[in-house]
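**Student:** sequence unknown, structure follows:
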C-alpha cells in the first residue's frame, strides 16, 4: 500500500455558501476555531500535503501556509471545478478531497479509501454511509485529470454524472456515519455549537472572547470578521461576500491601534487602520498573456517545462569535453561539425573532438564546456585551445532559468513586461488574473462647473475628477465616473447608494470638512460606518474613511478634501496603497522613501506630517539634493505639475535647515 506521502489532501472551500446567505462557510467559527481549521487538523495527518480550493478570501486561507487555488472555470461551478483545480497543481499520484464544512471528518478516511482503491484497481474511491455515497469525500488517481478536463469542457458539472463515467469503488463508513455531517446553515451551526458546548475545554471557551484583542489591528480584523456580532451583508457585485463590522466590533478593532483619535489621527496610524479593514477581491478570470500586463496574478504559475529545455551554449565558440584539454599548454582538437540555434549537432563527440557552436545552440552529446571563438586558433579542421579553460564554462544547464514543476510567479504578484516574457517562455497563451477593481468617484459642491462651460460668479472648474481619473487609470482600475453631485443630502445619499451597489471602493472629493453644507460625514454614519475623518497632516487634514452598505453590497469609502493638491496627496498617501491591496496585490504596496539633503530651509512645527512638493537635482559630483518648489498652498495644483517628488516631513519633526536630510517620495510613474 502507498503511504500518505503519495497523497495530496484537497479541502474544498470554493462554494458561495448560498444557504448561509452568501458567506464563506469555511471561515465561520465553530468551537473556538474556523470550520476549515477543524478539517485541516483532521486531514493533514492523513496526507503528504494540503491544497485549499477557494474562490474568495484566499488571503484568509493562506494563513495555513499551503497552496490556495481557485477554479479555472469561475462563477462558483461546484466541487468538480474545485477537484479539477486541485488535480491541476498537485504532483502526487493521489488526491483526497474533503469539504471545508465537515469538522468531524474521519481520522482514518484516507487510509480506508486508499486500501480499497488499490485493492480494486478503480480510478476513484468514494465514502458511503447508509447506502448512499458521500461524493465530496473521495480519493482519486491523478491520471483522471484529462478525463475530468474534457468532462468540464463539455459543460458537465454534476459529480454523480462524472463518477458514472469512471471505475468507482464505494467504501462503507456506516461505523462513522456521523463523521460525515456537514454544516449548511447558521441554524445547523448554532445547534451543533450548543450540543458540543459541554465538551469544550476552558481554553476553547475563552478563545472567542480573546479573538478581538490582538496587538495588531490587521490580525484583529481578520479574527473579528468571524465573530458572532459580525453580520453578513451579502455579495459585492457578484464577488466575495462583504461583511459589515458592527459598531462594537469596529470599536474593538480601533482599540488595537495606539493613539487612535478620529479627530486627528497620525498618518502612520491612519494607514494602519485602513490596512486593517481591507478585504481583497477574490474573483479570477483568464486573459490572453498580453492582456495581463498591469494585472494581478490570481494564482501561482508553475513551470510546465525546463527553461532552457536543454543544456546550451551561452557564447559563440567551440563545444568540447574538458577532459580532453591538456593540463598545461595548448590543446589541439579536431573540428567534428557545427551546432546552430535550432539545429543541433547530430552525432556524439569523439575523443579530442570539438564542435563549432553558436549562442543558444544545444550542447552536443558528451560536451561539457564552451571555449569562446575569440581565443582559439583555426588551421584547416584543427582548433588550438589555450590553457586555463574551466570545466562547464559558457554553458547554460537545462532548467537553469526555470525548472519544471517549480513555482515561477506567485499569486498576488503584478504582471509587468518581465513577467509577460517569463509567462510566454513557458508557452502559456492565457493567464489567470484577479478581476479589475471597480472604483466609483464623484466631486461634491455647488460651486463646481463642467469644463467647457462659461464660469458663473463664484464657480470653479471641476479639476479633481480629471485628476482622480488619471490616478485611478494608472492603477488599472475599472473607473465609474459619477460626475458632480450637488450639496444636497438627498442627492448625495442617492449617489453614495448607487456607488456602493456597483463598486468595491468609492472616492469623493470635497464635503468632508466642517462647513454647513458638508453632508458626507453625516451620511456615512447613516449608510455605514465612518472610521476617521481628520488626519494630523498638511495638506489633507479633512479626510474621511469608512464603509458604505447598500442593496446587500458594501464598499470602502474615501472622502478626500476638495483642494486639488490635497486630493493628490491623500490619494497617494492612503488610497493608492489601499486600492492595490484590494485588487489582490501582495507584498509591500507602500511608496518607497529615500533620504537626500534639502538645500533650503522649511518652516514646520511638530505635531503633524507635512508633504511639501519638491524638485530633485544632481550636482557635478553626482550627489542628489531636493528643494521645495515654492508656493505650497493646497489649492496650487501647479506646484504638483512643477515638482517631481514629495518632501515628507515626519509628525514630530520641526523646521528644516539647509543641508538637513529629508525623506522624499518620487513622482516618477505616479503623476
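**Tutor:** It's in. What you see is a predicted model, and the numbers here were worked out from it, not measured in a lab.
**Student:** Where does pLDDT dip in the chain?
**Tutor:** 1-2, 194-263, 513-519, 632-637, 669-671 (pLDDT under 70).
**Student:** now for the longest helix along it, which elements pack on it?
**Tutor:** Secondary structure of the chain per DSSP state H: the longest helix is helix 489-502. Helix 489-502 sits against strand 438-444, strand 478-485, strand 505-509, helix 520-527, strand 544-550, strand 553-560, with contacts defined as 3 or more Cβ pairs under 8 Å, 6 or more residues apart in numbering; DSSP states H and E. (Glycine included, C-beta is placed from N, CA and C.)
**Student:** between these, which gets nearest to residue 425?
**Tutor:** Ranking the helices and strands packed on helix 489-502 by their distance to residue 425 (criterion: Cβ to Cβ) puts strand 478-485 first, at 29.6 Å.
**Student:** I'd like the distance from that closest one to the chain centre, please.
**Tutor:** 26 Å (Cα atoms, centre = their mean, to the nearest Å).
**Student:** Just the buried positions in stretch 319-326, please.
**Tutor:** Buried residues in stretch 319-326, counted by 16 or more other Cβ atoms under 10 Å: 319-321, 324-325.
**Student:** same question, stretch 625-633
**Tutor:** Quick answer for stretch 625-633 (16+ other Cβ under 10 Å): 625-629, 632.
**Student:** Counting neighbours, what do you get for residue 342?
**Tutor:** Other residues lying near residue 342 total 9 when counted by other Cβ atoms under 10 Å.
**Student:** before we move on, back to that, and of the buried residues of stretch 319-326, the nearest to residue 408?
**Tutor:** Looking across the buried residues of stretch 319-326 and measuring by Cβ to Cβ, the closest to residue 408 is residue 319, at 28.6 Å.
**Student:** part of a helix, is that closest one?
**Tutor:** No. Counting by DSSP: H, G, I helix; E, B strand; the rest coil, one finds residue 319 to be strand, located in no helix.
**Student:** SS state for the residue lying closest to it once chain neighbours are set aside?
**Tutor:** Leaving aside its sequence neighbours, residue 319 sits nearest to residue 367 (Cβ to Cβ, 6 or more residues apart in numbering; 4.0 Å). Assigned with three-state DSSP, residue 367 falls in the coil class.
**Student:** What separation is there between residue 367 and residue 331?
**Tutor:** Here the criterion is Cβ to Cβ, to the nearest Å. By it, residue 367 lies 14 Å from residue 331.
**Student:** returning to that earlier point: out of the buried residues of stretch 625-633, the closest to residue 51 would be?
**Tutor:** residue 626 (49.4 Å).
**Student:** And stretch 416-432, how far out from the chain middle?
**Tutor:** Worked out by Cα atoms, centre = their mean, stretch 416-432 lies 17 Å from the chain centre.
**Student:** my bad, stretch 643-658
**Tutor:** Centroid separation for stretch 643-658 versus its chain: 33 Å, with Cα atoms, centre = their mean.
**Student:** got the end-to-end distance for that stretch?
**Tutor:** Length of stretch 643-658, first residue to last, Cα to Cα, to the nearest Å: 19 Å.
**Student:** Mind listing what's buried along that stretch?
**Tutor:** Neighbour counts using 16+ other Cβ under 10 Å place 643-650, 653, 656 of stretch 643-658 among the buried residues.
**Student:** Serialize those to a markdown table and add fields for distance to residue 98 and secondary structure.
**Tutor:** Output for these, formatted as a markdown table (distance: Cβ to Cβ, whole Å; DSSP: H, G, I helix; E, B strand; the rest coil):
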| residue | distance to residue 98 | secondary structure |
| --- | --- | --- |
| 643 | 57 | coil |
| 644 | 56 | coil |
| 645 | 53 | strand |
| 646 | 51 | strand |
| 647 | 56 | strand |
| 648 | 50 | strand |
| 649 | 55 | strand |
| 650 | 51 | coil |
| 653 | 56 | coil |
| 656 | 61 | strand |
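**Student:** Out of those residues, which two sit at the greatest distance?
**Tutor:** 644 and 653 (21.8 Å).
**Student:** Now for the buried residues of stretch 625-633: which two are most distant?
**Tutor:** 625 and 632 (18.1 Å).
**Student:** that older thread, which one's more surrounded, residue 367 and residue 331?
**Tutor:** residue 367 (25 against 19).
**Student:** Just to check, the more buried one is in contact with residue 323?
**Tutor:** No. Using Cβ atoms under 8 Å, residue 367 makes no contact with residue 323, being 10.8 Å away.
**Student:** what residue lies at the spatial centre of the chain?
**Tutor:** Centroid check for the chain by Cα atoms, centre = their mean gives residue 412 as the closest residue, at 2.5 Å.
**Student:** shouldn't that residue be in contact with residue 587?
**Tutor:** Yes. Contact criterion Cβ under 8 Å: residue 412 and residue 587 qualify, at 7.2 Å.
**Student:** Around the closest residue to residue 364 other than its chain neighbours, count how many other residues there are.
**Tutor:** Using Cβ to Cβ, 6+ apart and skipping residues adjacent in sequence, the residue nearest residue 364 is residue 345, 4.1 Å away. The tally of other residues near residue 345 (other Cβ under 10 Å) stands at 22.
**Student:** residues contacting residue 92?
**Tutor:** When contacts are counted by Cβ atoms under 8 Å, 6 or more residues apart in numbering, residue 92 touches 5-8, 48-49, 142.
**Student:** The same query, at a cut-off of 6 Å, please.
**Tutor:** Residues near residue 92 by Cβ atoms under 6 Å, 6 or more residues apart in numbering: 6-8.
**Student:** ok, now residue 33?
**Tutor:** Contacts of residue 33 (Cβ under 6 Å, 6+ apart): none.
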